[in-house]
Structure formats: C-alpha cells, structure tokens
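J.: let's see this in three dimensions:
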Amino acid sequence: MTQIPSALILRKELQELMRDPVEGFSAGLADDSDLYEWDVTVMGPPDTYYEGGLFRARLSFPRDYPDKPPVLRFKSEMYHPNVYPNGLVCISILHAPGEDENGYEDASERWNPVQNIRTVMLSVISMMSSPNDESPANVDAAKEWRDNRDSFRRRVSQVVRRSQEE
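T.: Numbers count the residues shown, from 1 in each chain. Modelled structure (predicted):
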C-alpha cells in the first residue's frame, strides 16, 4: 500500500517532535489510525496572562499538506483576540498561501510549504504572548484587551483556572 506524501511528511514531523520536543506544547495523534488529526496541549507562556494554563486543541491537516495549512481549534475555552469564540485560531501562518483578498496580510506572512508543526505551534505561543487586536477574530476580546486590561486579565485568569481543571 502506498502512502500519500502528506502522510509521510506528518509521520516524520511527529517522530521529530517526539525525539526533540518543543517547550510550550505537546502533540500526538488523536487516534492512532489517523495521521491527519492531532491532539495538542499548549502551555500558557510564562510572564503572560495565560501562564499556568493547559489548553487542549485539535490540529487538523488537509490531505494536501504541506501545500495547504492545518486548522487549529482550541477545545479548551480560550479568550483571546485572535481566537474565534468557537476556538478556531486566526493567525496569518494558518491562512491559505497567496495574496490576502482583504489586503490585511502580505503573502509572506501566510502559510507556505516550508512551515511545519513546530513553526505553527511557536506562532501560537507567540500569539498568546502578544495578541494582535488590529484584525481580531474575537472582537469583544480585542476591545477589552485595548480598553480594559484589568478586566481582560481577570477574564483570562478564569479561563486559565478552568483549563487546569480539565
């Protein structure tokens, strides 16, 4: 039985992450029979509002990976300007390659096939450290981030506590 190239690439990336883990997240297959669905745990980065949190997420890969980006959706509650209320992460590296039809991003900021799981997860950790409120996925979180940091911090503290109880 021949495997499609994306399966070979994903297997290799998973093996590399097991051999050389990256601080701040862990990843593994959601089901041993499916290389295209991964469970991920993102640790809230130190010195951020998310510190101490253990946020569960699902990383779903298209069959034409790495030509197309994966989709990352938090399963744990997440309150962040760049995460939709349904948990879907909205950052440039996860946007389809090419020009942005809305003109918000340069093509160089978007997905390209040299990206990998490691760069995606490091971008998510960076996102948690430095929210981008310029083009928010969660408008309420972005407004609170801009206008009332104390309220934002309190709300995120509740989310962090709940993530620790999951």
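
J.: just the element for the spatially most central residue of the chain, please.
T.: Computing the C-alpha centroid of the chain and ranking residues by CA atoms, centre = their mean puts residue 124 first, at 4.4 Å. Residue 124 is part of helix 117-129 when elements are defined by DSSP states H and E.

J.: please enumerate the helices of the chain.
T.: For the chain, the helices defined by DSSP state H cover 5-19, 117-129, 139-147, 149-165.

J.: compare those helices and give me the one nearest residue 67.
T.: Closest approach to residue 67 among these is made by helix 5-19 (8.4 Å; CB to CB). The way it works is simple: take the backbone N, C-alpha and C, and place the C-beta from them, glycine included.

J.: tell me the buried residues in that closest one?
T.: Neighbour-count burial for helix 5-19, counted by 16 or more other CB atoms under 10 Å, picks out 6, 7, 9, 10, 13, 14, 17.

J.: how big is the angle separating that helix from helix 117-129?
T.: 70 degrees (axes from the mean of the first three to the mean of the last three CA atoms, to 10 degrees).

J.: quick one: helix 5-19 to chain centroid distance?
T.: Put simply, helix 5-19 sits 18 Å off its chain's centre (CA atoms, centre = their mean, to the nearest Å).

J.: tell me what that helix is packed against?
T.: strand 25-31, strand 34-43, helix 117-129 (3 or more CB pairs under 8 Å, 6 or more residues apart in numbering; DSSP states H and E).
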